[in-house]
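> predicted model, plus sequence, below.
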Amino acid sequence: MTVRLEHPVTGQLAIHGGPRTRTRPMPARGLFGEEEKAAVVALFDTSIRTGEAFGYNGPEEEAYCQEFAAALGGGYADAVNSGSSAVYVALRALQLEPFTEVICPAITDPGGIMPVPLINCIPIVADARPGSYNVGPDEVAARLTDRTSAILVAHIAGEPVDMDPILDLAQARGIPVVEDCAQAHGAMYRGRPVGTLGDIAAFSTMSGKHHATGAQGGIVFTKDEGLYWAARRASDRGKPFGLQGVAGPVQASLNLNLNDLAAAIGRVQLGKLDEIVAARRRLAGAIAAGLPARSRAVSPGWLPAGAEGSYWFMRLHVDVRHLTVDGDTFAGALGAEGIPVAVAYRGALQSQAPWLVERRAFGAGHSPWTAPEYAARGGDPVAEYPCPNAMAVLASDFNVSIHERWGEAEVADTIAAVEKVERAFLRG
Ligand SMILES: Cc1ncc(COP(=O)(O)O)c(C=O)c1O
């Protein structure tokens, strides 16, 4: 992508009443189109013609799961009703012993960590790797105990976690790794798609994600057939999927199924995913390429070697040593210039989330943290897990909501706005 930077980059900042760098609204994402509509209408047409209601676990859902698994190079997929459900189902499929510990990322969506106490395990938050939103191997290693039964990582922003050393840690202990790929459809790590690296993976397909199954949805992926059947049982009231000669439900669980209507949308969307990811990569590449000539303080966030992000958003790092203001003020000023910026992703800092700090899951007694079974394993219900790296990166970095409908003009405006704001706040 060749980007022409034509904007004047001086002038009063928009936060101080000056003209905005970007005066037009940013393009809408336009995720759903005629093809998705046609897929849904076709289901209705069939239903009206035959008198049969569309349901769940039907042909559309089966095809969607197979196509999703094929897109990841083969394996098994179970479509569920949200990304949070996908994380829950992935964890349940592993049949972790209650009152063991699951290492969790400090920066993630609540739905990416809340399932842990809901399976009666203890979430142990690992700090981010310095300069990243994602956990790093040292930070995971620092939280491992003989109570650890699994490691849950999240590829935040579509930036792959540095997986190999984390997989080595898990392998050495014989514990599984769950990948939360809610924000990372299509991201690659050393030539392998994220979601295929650990034992089992969870994706969100709500309508803000790279590809969607309608308003809400999720999907669990694994290469292990046994785990797949366990996921199916966990997502559908313990029905004896994959078990021979068993009649009734085999375990207590919820009904977390997706449905054929949503899967029909997902199938169309899946066909667009490669293009969506390629476009986001091109845009992020163009912003990264354009910044050095125009900015001293702002640079793309660190990625592990061999990682190709899929940019659910683009994380930019601000080196505040060059500036007279802090990262939040800088990002706020950029937002005022008309660039869609999330000033701070602090809502995603789970180590400080009230429910976790106050140990609130079940009842007034702070179960499962306070369970005698956890104490018997040597667990401390009030242990603190500070995350200084996560706090630092959330203070210095901000998120730009790029998406596949952006073009050269949006990239140029973003870079021009960075330059304008930086000039106003440059130190010395
Ligand atoms: C990293 C991560 N995990 C889990 C979730 C939960 O997914 P959902 O909103 O589909 O329940 C999200 C949602 O954005 C997420 O970003």
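Structure's in. What do you need? Quantities reported herein were computed from a predicted structural model and do not represent experimental measurements.

> drop to CA atoms for contacts and neighbour counts, all remaining ones
Will do.

> what residues does the stretch 201-350 of the chain have near the ligand?
Remark: the part of the stretch 201-350 of the chain in contact with the ligand comprises Ser204, Thr205, Met206, Gly217, Gly218, using CA under 6 Å from any ligand atom.

> give the bridge partners for the last one, please.
According to DSSP bridges, the residues that bridge with Gly218 are Val80, Ser204.

> re earlier: how about the residues of the stretch 201-350 of the chain next to the ligand, which pair is most distant?
The most widely separated members of those, counting by CA to CA, are Met206 and Gly218 (7.1 Å).

> which neighbours do the two have in common?
Counting by CA atoms under 8 Å, 6 or more residues apart in numbering, the shared contacts of Met206 and Gly218 are Ser82, Gly83.

> of those two, who's got more company?
Under the criterion of other CA atoms under 10 Å, the comparison of Met206 against Gly218 puts Gly218 first, with 25 against 19.

> list the contacts of that one.
79-86, 202-206, 258.

> do that again at 6 Å, thanks
Ala79, Val80, Asn81, Ser82, Gly83, Ala86, Phe203, Ser204, Thr205 (CA atoms under 6 Å, 6 or more residues apart in numbering).

> who wins on neighbours among the residues you listed?
Of the contacts of Gly218, Ala79 is surrounded by the most neighbours, 36 neighbours in total, counting by other CA under 10 Å.

> which parts of the stretch 101-250 of the chain are helices?
The residue ranges that make up the helices of the stretch 101-250 of the chain, judged by DSSP state H, counting those that start in this stretch, are 115-118, 137-141, 163-173, 225-235.

> in this structure, which strand is the longest?
Counting by DSSP state E, the longest strand found in the chain is strand 148-154.

> ok, Gly248 - how many residues close by?
Neighbour number of Gly248 under other CA under 10 Å is 9.

> next one: it from Phe241, what distance?
As defined by CA to CA, to the nearest Å, Gly248 lies at a distance of 10 Å from Phe241.

> same deal with Ile119?
Noted for Ile119: a distance of 20 Å to Phe241, by CA to CA.

> pLDDT score for the spatially most central residue of the chain?
Among the residues of the chain, the one closest to the centroid is Gln183, at 2.8 Å (CA atoms, centre = their mean). Confidence at Gln183, expressed as pLDDT, is 98.

> my guess is it contacts Gly158, does it?
Yes. With contact defined as CA atoms under 6 Å, Gln183 and Gly158 form a contacting pair (5.1 Å).

> quickly list what's touching both of the two.
Taking CA under 6 Å, 6+ apart as the contact definition, Gln183 and Gly158 share the neighbouring residues Trp312.

> residue ranges for the strands of the stretch 51-200 of the chain, please.
Shown for the stretch 51-200 of the chain, the strands assigned by DSSP state E, counting those that start in this stretch span residues 76-80, 101-105, 122-126, 148-154, 177-180, 188-189, 192-193, 200-204.

> any chance of the ones you listed in TSV, plus mean pLDDT?
Rendered in TSV, the data for these read as follows (pLDDT from 0 to 100):
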stretch	mean pLDDT
strand 76-80	98
strand 101-105	98
strand 122-126	98
strand 148-154	99
strand 177-180	99
strand 188-189	98
strand 192-193	98
strand 200-204	99
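
> in CSV, list those along with distance to Arg92.
Written out in CSV, the entries for the strands of the stretch 51-200 of the chain read as follows (distance: least, CA to CA, whole Å):
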stretch, distance to Arg92
strand 76-80, 13
strand 101-105, 12
strand 122-126, 14
strand 148-154, 11
strand 177-180, 11
strand 188-189, 26
strand 192-193, 23
strand 200-204, 11
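
> between those, which one is closest to Trp355.
If you check each of the strands of the stretch 51-200 of the chain against Trp355 by CA to CA, strand 122-126 wins as the nearest, at 11.7 Å.

> show me what the closest one is in contact with.
Residues external to strand 122-126 that are found in contact with it (CA under 6 Å, 6+ apart): Glu101, Val102, Ile103, Cys104, Pro105, Ala106, Val116, Glu139, Val140.

> I'd like to know how many residues surround the third one.
Read it as Ile103. 27.

> what number of residues lie near the closest residue to Gly306 other than its chain neighbours?
Leaving aside its sequence neighbours, Gly306 sits nearest to Arg190 (CA to CA, 6 or more residues apart in numbering; 4.5 Å). By the criterion of other CA under 10 Å, Arg190 has 15 neighbours.
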